[in-house]
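Asks: Just need the structure, nothing else, for what follows:
(chains A and B)
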Amino acid sequence: MDYQKLAELLFPAVTETPEEVETKFQPRNLPEGAKVTRFAPSPTGFVHFGGLFPTTIGERLAHQSGGVFYLRIEDTDAKREVDGAAEGLIRTLAHYGINFDEGAVIGEDGTICDKGAYGPYKQSMRGPIYHVFAKKLVAEGKAYPVFTTKEELEALNATDKKAEIKAKDWHEDQSEQREKMLQARQITLEEVEENLKFGNPFVLRILADGDPEKKIPFTDLIKGKLEIPENDEDFVLLKSDGIPTYHFAHAVDDHLMGTTHVIRGEEWLPSLSKHIMLFRYLGFRLPKYMHIAQIMRLDENGNKKKLSKRDMGANMDDYSRMGYAPACVCEYIMTLLNSNYEEWHMQNPEKSYTEFPFNIKKMSNSGCLFDFNKLNDVSKNIISRMSAAEVTRQVTEWALQYDPEFGAQLAKDPAFTESIFAIGRGGKKPRKDLATWADAKPYMGFFFDGKQEDAYPENFAKADIKQALTLFLATYSPADDMNAWFEKIKEVARQIGYADDMKLYKANPDAFKGNIADVSMFLRVAVTGKLNAPDLYAVMQILGECCTRNRIESMIERLD
RNA sequence: GGCCCAUUAGUCAAACGGCUAAGACGUCGCCCUCUCACGGCGAAGAUAUGGGUUCGAUUCCCGUAUGGGUCACCA
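Replies: Numbers count the residues shown, from 1 in each chain, chains lettered A, B, ... in the order given. Have a look, this model is predicted:
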């Protein structure tokens, strides 16, 4: 077989040599040890929680080392592409503080454009580049075409290949595939010319020289030492539309774009031997690989499953809707990514996670379960350290989008709203009421609506309650400081036969009708409509005398 | 089914082959001159399993089990 001639037949339009292409992609001028990483999504939907993991790692490793983090759009499957998905991905990532040094970016007109010297960064725009290397492989006898008729191709596109194989016996299918493959390798120049004359489409397959009985020693930066069986499968390099498969695009792009570390999910591990083969065939130096474990969820049987698109918590937009601040999600991710992150954070509570010395060696190699408890805890801690002004800003922004009625209440008087969020904030032991912005409404909605959520427990006499409220109103003055205010409540307690001191009460509970905590509760329910609320003195101060009196008076009336 | 990866409490996890197997979240209890929240103290809870190597194994090796991934002209 004259491979050179075959290459000319298959790729008549390709005139460039691989060497000429290489000169357009000069190595970057970066400091020693700088890492070049990328996020390479296919624009088929939203950003997935699991996708944020490798992305965060890539971003950290690149920026921590003075390297480059770039975005490459892997739009090689037109069938699955979703309109506007790429723009959505970029915006969502930016929301989570993931910014790219180069690659596909959103231009001023809102569409995707390139930034950087290693583009195009959309694979669909790189067709001619792939073809140069495809032609080289053919010319060296390392790849060959497999033709189909257009009718066969249509039939093929109509089937769900995966479901089809699953329904069959695996052995049967594999031996069948193997036989087809060996047959296809025997194609002659005459057959190629004949097919081309009829305009039959072809895929380009690699000519695999591996023996799966032989193992390739390989070191993954996360998984450690692995033994990979050699690849003996003539996998597809170029699809019949001339667009490369992931495998081929990965080799060509990551080589030309100078990626030093490929970070991706461990579902790629089984195809690693294909990639090793491709890099060898093409004469490219293999990048370092980091295969990270998947995020899991529990299915209805209690088994771990890969967190998939439809699951709650998979779509990053869910977190926005639920009211999680991006910083909280990022920090939760850091706790999962590096086992010593929490320790570091405790020692450096004021520092941003971007200052954390991210360490590949501290990464877990098994899949972890998503844990909302932990996320909430992380989140509460972060929000508790924010200023009241910041909380007001973010809660209002969230509510205006997701709960407009509440948002309008918050936005009406920002100073008032801020004074509410200032309760118990600032000291060494701040309140931790909010894990999400959505928690704000149940926590402090009573300031705005005065709704009566909780009723008085039935074991208290209405007369006592009414008397307590009336007595308090008679002495209440907004000018009182906290001590004076509390003294008045104690006085009310004494007057209605309740203990004004908890220790006194606990020592002899039968001597009293109730205690000071009960009296406070009478007032709390009247003023806040709830059994549990933040500091009642602060609440009354913020509500003001008029509103406080109105609410208590209205409760007295209702008790009749 | 073949191949690959993994396995320490409910979850996330630490432990050059060497003290009683850390810590965090969650759960429960007690304390904190008004509830809640915060904080403090405490409790329960783990090396999947069987062999081997070793004075000694969570750690190294082999088998078993379980879980995960993958086997497309998808990425």
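Asks: Would you map the strands across the stretch 51-200 of chain A?
Replies: With DSSP state E, counting those that start in this stretch, the ranges of strands along the stretch 51-200 of chain A come out as A:68-71, A:102-106, A:112-115, A:143-147.
Asks: name the helices or strands packed onto the second one?
Replies: Applying 3 or more C-beta pairs under 8 Å, 6 or more residues apart in numbering; DSSP states H and E, one finds that strand A:102-106 contacts strand A:68-71, helix A:85-95, strand A:112-115. Heads up, the C-betas are built off the backbone N, CA and C, glycines and all.
Asks: got the contact list for it?
Replies: A:38, A:68, A:70-73, A:86-87, A:90-91, A:112-119, A:121-122 (C-beta atoms under 8 Å, 6 or more residues apart in numbering).
Asks: picking that back up, of the strands of the stretch 51-200 of chain A, which stretch is the most buried?
Replies: strand A:68-71 (a mean of 25; mean count of other C-beta atoms under 10 Å).
Asks: So which bits of the stretch 251-400 of chain A are right by RNA strand B?
Replies: Counting by C-beta under 7 Å from any atom of the strand, the stretch 251-400 of chain A comes close to RNA strand B at A:266-271, A:294, A:296, A:299, A:303-306, A:335-336, A:339-340, A:342-343, A:362, A:364-369, A:371, A:373-374, A:376-377, A:380.
Asks: What's the ChimeraX syntax to select whichever of those residues are buried?
Replies: Burial among these is assessed by 16 or more other C-beta atoms under 10 Å; the matching ChimeraX selection reads:
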select /A:266,268,269,294,296,335,336,367,376,377,380
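Asks: In strands only, show me the residues of the stretch 251-400 of chain A next to RNA strand B.
Replies: Residues of these located in strands (DSSP state E): A:296, A:304-306, A:368-369.
Asks: Quickly check those for the two that are furthest apart.
Replies: A:305 and A:368 (12.9 Å; C-beta to C-beta).
Asks: on that earlier part again, for the helices and strands packed on strand A:102-106, give me CSV that also has distance to RNA strand B and mean pLDDT.
Replies: Formatted as CSV, the helices and strands packed on strand A:102-106 follow (distance: least, C-beta to the nearest atom of the strand, whole Å; pLDDT from 0 to 100):
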stretch, distance to RNA strand B, mean pLDDT
strand A:68-71, 13, 97
helix A:85-95, 12, 92
strand A:112-115, 16, 88
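Asks: ok so, going back, identify whichever of the strands of the stretch 51-200 of chain A lies nearest to residue A:283.
Replies: strand A:143-147 (14.0 Å).
Asks: Partner strands of that closest one and their direction?
Replies: As defined by DSSP bridges, the strand partners of strand A:143-147 come to strand A:202-206 (antiparallel).
Asks: Check whether the strand it pairs with comes near RNA strand B.
Replies: Yes: using C-beta under 7 Å from any atom of the strand, strand A:202-206 reaches RNA strand B at residue A:203.
Asks: contacts for the next helix or strand after that strand?
Replies: Where DSSP states H and E defines the elements, the next helix or strand beyond strand A:202-206 is strand A:215-220. Contacts to strand A:215-220, defined as C-beta under 8 Å, 6+ apart, come from residues A:225-230, A:269, A:272-273, A:276, A:289-291.
Asks: tell me which residues in strand A:215-220 are buried?
Replies: Quick answer for strand A:215-220 (16+ other C-beta under 10 Å): A:216, A:218, A:220.
Asks: for the record, mean pLDDT for that strand?
Replies: Mean pLDDT, computed over strand A:215-220, is 90.
Asks: I'd like the distance from the helix or strand following it to the chain centre, please.
Replies: Per DSSP H and E, the first helix or strand lying C-terminal to strand A:215-220 is strand A:224-229. Relative to the chain's own centre, strand A:224-229 is displaced by 29 Å; criterion: C-alpha atoms, centre = their mean, to the nearest Å.
Asks: Does strand A:224-229 reach RNA strand B?
Replies: Yes: judged by C-beta under 7 Å from any atom of the strand, strand A:224-229 and RNA strand B are in contact via A:224, A:226-229.
Asks: C-alpha coordinates for that strand, PDB please?
Replies: What follows is strand A:224-229, C-alpha atoms only, in PDB (Å, rounded to 0.1, in the frame of the first residue of the first chain):
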ATOM      1  CA  GLY A 224      -0.700   7.100  41.500                       C
ATOM      2  CA  LYS A 225       1.000   4.200  39.700                       C
ATOM      3  CA  LEU A 226      -1.300   2.500  37.300                       C
ATOM      4  CA  GLU A 227      -0.900  -0.400  34.800                       C
ATOM      5  CA  ILE A 228      -2.700   0.400  31.600                       C
ATOM      6  CA  PRO A 229      -3.400  -2.300  29.000                       C
END
